[in-house]
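J.: Fold the following and give me the result.
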Amino acid sequence: MRITIGGREYTAKADFAAIMDAEESEGIKLEEFGKRGTTEFLIWLFYMVKRGEKVEGRELELSRVEFCGTIGMDEIADLAAAMETLMHLGAKEEKATSAGRGKKKG
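T.: Numbering: from 1, shown residues only. Prediction:
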């Protein structure tokens, strides 16, 4: 998913690689999403953008703090909506992948 932050476009991807990176690096858990407030939201966003850029063959060269520093308060509502969409897209991709496993070839 393409998102714009601070006038710059990034690709964000909510997959298990992004989740693992965030959990291992930051000690946060997806099942506890939202319990740490805005800071946690920004951390998840950082790791999803970092992963999306990597999938596209680019490297996010900003640290987490530098990345968060590019986000304006006026962008939070739009980014929250984008995060919700990302989480739903990830769930749909996982559901589609899981659904195909039970079928027999024949």
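J.: Once you drop chain neighbours, what's closest to I76?
T.: Using Cβ to Cβ, 6 or more residues apart in numbering and skipping the chain neighbours, the partner closest in space to I76 is T38 (7.3 Å). For every residue, glycine as well, the C-beta is placed using N, CA and C.
J.: er, L79 I mean
T.: Once flanking residues are discounted, L79 sits nearest to L45: 6.3 Å by Cβ to Cβ, 6+ apart.
J.: E59 is in contact with E53, isn't it?
T.: Yes. At 6.6 Å, E59 counts as touching E53 under the criterion of Cβ atoms under 8 Å.
J.: which of those two has more neighbours?
T.: Per other Cβ atoms under 10 Å, whichever of E59 and E53 has more neighbours is E53, with 18 against 9.
J.: Tell me, how many residues neighbour the residue nearest to L79?
T.: Neighbourhood size, L45 [other Cβ under 10 Å]: 26.
J.: do the same with the one 10 residues further on
T.: For V55, the count of nearby residues is 14 (other Cβ under 10 Å).
J.: ok, now which ones touch it?
T.: T11, K13 (Cβ atoms under 8 Å, 6 or more residues apart in numbering).
J.: Quick one: distance of the helix or strand where the residue nearest to L79 lies to the chain centre.
T.: Using DSSP states H and E, the element containing L45 is helix 38-55. Computed by Cα atoms, centre = their mean, to the nearest Å, the separation of helix 38-55 from the middle of its chain amounts to 5 Å.
J.: And for stretch 4-11?
T.: With Cα atoms, centre = their mean, you get 14 Å for stretch 4-11.
J.: Surely M1 is in contact with T85?
T.: Yes. Using Cβ under 8 Å, M1 is in contact with T85, at 6.5 Å.
J.: got the contact list for the residue nearest to L79?
T.: Per Cβ under 8 Å, 6+ apart, neighbours of L45: A12, L79, M83.
J.: ok, now how distant is the second one from H88?
T.: Okay, so that is L79. To H88, L79 is 15 Å away according to Cβ to Cβ, to the nearest Å.
J.: Between those two, which has more neighbouring residues?
T.: Counted by other Cβ under 10 Å, L79 and H88 do not tie: L79 has more neighbours, with 19 against 11.
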